[in-house]
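Asker: Dropping the sequence and predicted coords here.
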Amino acid sequence: MENLKHFTEQVQDMLRVGEAAKLLGVTSETLRNWDKSGRLVATRHPVTGYRYYRESELERFLLKVVAERKAVTNE
């Protein structure tokens with residue numbers, strides 16, 4: 001029960017799928033697909049199974065995507 005309380009407190013600082021999708025400029029379904037494929041893995045709520053994303057994870061993901069695109073254009 002303590003773990004659930006701790007997770008609930010952490011979720012306050014995280015983005016839900018729709019919020020994260022809007023920030024990244026993609027659809028919620030795209031985020032779900034990325035989660036399933038392992039490209040951008042969400043943190044799952046232990047009871048509801050809802051997906052949550054930390055802003056810092058999204059920022060790292062964007063930096064990685066930009067770096068990959070630069071590498072492709074420089075080839």
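Answerer: Yes, it's here.
Asker: longest helix of the protein?
Answerer: Across the chain, the longest stretch assigned as helix under DSSP state H is helix 55-73.
Asker: Buried ones in it, by neighbour count?
Answerer: 57-58, 61 (16 or more other Cβ atoms under 10 Å). The way it works is simple: take the backbone N, C-alpha and C, and place the C-beta from them, glycine included.
Asker: any chance of those in CSV, plus distance to residue 67 and pLDDT?
Answerer: Output for the buried residues of helix 55-73, formatted as CSV (distance: Cβ to Cβ, whole Å; pLDDT from 0 to 100):
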residue, distance to residue 67, pLDDT
57, 16, 93
58, 15, 95
61, 11, 94
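Asker: any idea how far the residue positioned nearest the centre of the chain is from residue 71?
Answerer: Closest to where the C-alpha atoms of the chain average out (Cα atoms, centre = their mean) is residue 53, at 3.8 Å. Going from residue 53 to residue 71 by Cβ to Cβ, to the nearest Å gives 25 Å.
Asker: and if you look at residue 28?
Answerer: The spacing between residue 28 and residue 71, counted by Cβ to Cβ, is 28 Å.
Asker: Surely residue 49 is in a helix?
Answerer: No. Residue 49 is assigned coil when assessed by DSSP: H, G, I helix; E, B strand; the rest coil, not a helix.
Asker: Now residue 62: closest residue in space, sequence neighbours ignored.
Answerer: Excluding the flanking residues, the one nearest residue 62 by Cβ to Cβ, 6 or more residues apart in numbering is residue 24, at 7.2 Å.
Asker: can you count the residues close to that neighbour?
Answerer: Other residues within reach of residue 24, judged by other Cβ atoms under 10 Å, total 18.
Asker: Isn't it up against residue 57?
Answerer: No. Shown here, residue 24 and residue 57 do not form a contact pair, counting by Cβ atoms under 8 Å, at 11.0 Å.
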